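Novice: Sequence and computational prediction follow.
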Amino acid sequence: DSGVTQTPKHLITATGQRVTLRCSPRSGDLSVYWYQQSLDQGLQFLIQYYNGEERAKGNILERFSAQQFPDLHSELNLSSLELGDSALYFCASSAGTTNEKLFFGSGTQLSVL
Amino acid sequence: GQQLNQSPQSMFIQEGEDVSMNCTSSSIFNTWLWYKQDPGEGPVLLIALYKAGELTSNGRLTAQFGITRKDSFLNISASIPSDVGIYFCAGHTWETSGSRLTFGEGTQLTVNP
């Protein structure tokens, strides 16, 4: 158990819909990262938050947004969903601002039908 | 952007055999890391390497940070069925935009009992 909690584990929705993925980092970790894993793309970095502030941005689409709340949990919002958004979405956390040693959650499997 | 070439993409071996996989890049990294992803779970950190030429072991796993800082390999000795999973290399560096972690595409390992 990494200590990172992600909900829900599975999500099935339709194109055009909006979903929210939730992540609680390990106790004491201030940084939260979101990654997308699809079969042909590997692990793609989306965005990082540190102590409530956006820290780094990767290949995140404009239809996607995230935030980190004062209790340090984070939410990833995916809107106007397309079939190609179907993937595993991972949240990871680390103690500081650097992201060498990440602790990953079990992921949310998103299926867009 | 930075890219990591990880090989092989997949391996099918017999229990007890040794395994070797590697990652190469055209860019220099400050840290090399190896993660393992079990089916249905998020990646878990196996080994972190911080200095060029460094050789580090973790049980049956041995990894090395290449002298050129552009490559790393991971060896698994005397494989067992629970070694099944996807192994990812990751390179960490500092850029003007901040800390950056880049993942390889992964090596899918299958161990036949």
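Specialist: Arrived safely, thanks for sending. Residues are numbered from 1 along each chain as shown, chains lettered A, B, ... in the order given.
Novice: and residue 30, what does it touch?
Specialist: Here I'm looking at chain A. Shown here is A:Leu30, whose contacts under the criterion C-beta atoms under 8 Å, 6 or more residues apart in numbering or on different chains are A:50-51, A:72, A:95-97. For glycine as for every other residue, the C-beta is placed from the backbone atoms N, C-alpha and C.
Novice: You answered for a different chain; I wanted chain B.
Specialist: Listed by C-beta under 8 Å, 6+ apart, the contact set of B:Asn30 reads B:50, B:69, B:92-94.
Novice: same thing but 7 Å
Specialist: If a contact means C-beta atoms under 7 Å, 6 or more residues apart in numbering or on different chains, then B:Asn30 has B:92-94 as its contacts.
Novice: one step back: which among the contacts of A:Leu30 end up buried?
Specialist: With neighbours counted using 16 or more other C-beta atoms under 10 Å in any protein chain shown, the contacts of A:Leu30 contain these buried positions: A:50, A:72.
Novice: Nearest to chain A among the contacts of B:Asn30?
Specialist: For these, the residue nearest chain A by C-beta to the nearest C-beta is B:His92; the value is 4.8 Å.
Novice: Just the pLDDT at the closest residue to the closest one other than its chain neighbours, thanks.
Specialist: Leaving aside its chain neighbours, B:His92 sits nearest to B:Thr31 (4.0 Å; criterion: C-beta to C-beta, 6 or more residues apart in numbering or on different chains). Model confidence at B:Thr31, expressed as pLDDT, equals 94.
Novice: out of the contacts of B:Asn30, which are inside strands?
Specialist: Here DSSP state E is the test, and these give B:92-94 as lying in strands.
Novice: Most neighbours among the residues you listed, which one?
Specialist: Counting neighbours by other C-beta atoms under 10 Å in any protein chain shown, B:His92 leads the ones in strands among the contacts of B:Asn30 with 20 neighbours.
Novice: that older thread, make sure the residue nearest to B:His92 is actually in contact with B:Ile47.
Specialist: No: counting by C-beta atoms under 7 Å, B:Ile47 is not a contact partner of B:Thr31; they are 10.8 Å apart.
Novice: Mind jotting down where the strands sit in the chain?
Specialist: I'll assume chain A. Using DSSP E, the strands assigned to chain A run over residues A:5-7, A:10-13, A:19-24, A:31-38, A:42-50, A:53-57, A:64-68, A:74-78, A:87-94, A:103-104, A:108-112.
Novice: that answer is for a different chain, and I need it for chain B
Specialist: Using DSSP E, the strands of chain B run over B:4-7, B:10-14, B:19-25, B:31-37, B:43-49, B:55-58, B:61-65, B:71-76, B:85-95, B:98-103, B:107-112.
Novice: Could you find the closest non-adjacent residue to residue 100?
Specialist: Since you didn't name a chain, this refers to chain A. The spatial neighbour of A:Glu100 that comes closest, neighbours along the chain excluded (C-beta to C-beta, 6+ apart), is B:His92 at 4.8 Å.
Novice: oops, chain B please
Specialist: Computed as C-beta to C-beta, 6+ apart, the closest residue to B:Arg100 that is not its neighbour in sequence is B:Thr93, at 5.6 Å.
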